[in-house]
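Enquirer: Here is a sequence with its predicted model. Questions after.
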Amino acid sequence: MTAALGIPADYAKKYRLSLHLEATELISIAIGTGDRDILLSRPVAAAWERMHSAASVAGVTLLALSGFRSIERQAEIIRAKLSAGESIDAILRVVAAPGYSEHHTGRAIDIGTPGEPPLDEGFARTPAFQWLGAHAGDYGFLLSYPLGNLHGIAYEPWHWCHAAH
């Protein structure tokens with residue numbers, strides 16, 4: 001599948017990413033855009049609920065924007081960007097190749113907050129991001145793509161992944 005999308009053979013080495021298996025046991029934590037369930041693995045969903053509640057008690061609203069994404073859905077996203085005229089090199093700086101996205105694991109969640117555009121670097125300037133920076137680790141979540149990350153992936157202050165396996 002990756003070759004058909006024009007993904008270079010040295011992709012994993014170049015971006016220092018590992019293959020991820022698709023999670024099979026998922027539960028819904030919310031309804032996202034397009035009435036799609038936002039799915040996470042059971043232990044990560046429980047950690048999200050604890051973190052979400054703690055943020056709420058602190059006066060911070062965290063919104064789940066997306067969770068599990070299948071390998072096929074990842075390929076669809078890339079196909080759409082290619083069809084829109086984007087180069088595969090540009091796409092791979094913002095979207096992981098099919099099989100390499102943390103979203104496949106059911107451990108990754110994209111987080112937003114009311115009043116901010118979703119999946120936007122502006123999220124980094126919000127109280128929600130500041131709260132996550134101080135507390136997400138207490139719930140097992142880490143920021144996957146900070147500024148200047150070793151993967152060469154664009155800064156994604158909204159993308160957090162749980163360390164559970």
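Expert: Happy to help now that I have it.
Enquirer: CA only for contacts and neighbour counts going forward, please
Expert: OK.
Enquirer: Could you tell me how far stretch 40-60 lies from the centre of the chain?
Expert: 16 Å (C-alpha atoms, centre = their mean, to the nearest Å).
Enquirer: should've said stretch 142-151
Expert: How far stretch 142-151 lies from its chain's middle: 12 Å, per C-alpha atoms, centre = their mean.
Enquirer: pLDDT (mean, whole number) over stretch 8-24?
Expert: In this model, stretch 8-24 carries a mean pLDDT of 95.
Enquirer: Kindly tell me how buried the residue lying closest to Gly148 once chain neighbours are set aside is, as a neighbour count.
Expert: In space, Gly148 comes closest to Tyr155 once its chain neighbours are excluded; the distance is 7.3 Å by C-alpha to C-alpha, 6 or more residues apart in numbering. By other C-alpha atoms under 10 Å, 19 other residues sit near Tyr155.
Enquirer: what does His135 give?
Expert: When counting by other C-alpha under 10 Å, one arrives at 16 neighbours for His135.
Enquirer: Now do it, the pLDDT please.
Expert: Per-residue pLDDT puts His135 at 98.
Enquirer: Repeat that for the one 5 residues further on.
Expert: Among the per-residue scores, Gly140 shows a pLDDT of 98.
Enquirer: What count of nearby residues applies to it?
Expert: By other C-alpha under 10 Å, the residues close to Gly140 number 16.
Enquirer: Would you mind measuring from the residue of the chain most remote from its centre to Arg50?
Expert: Most distant residue from the mean C-alpha position of the chain: Val57, 24.4 Å away (C-alpha atoms, centre = their mean). In this view, Val57 and Arg50 are 11 Å apart by C-alpha to C-alpha, to the nearest Å.
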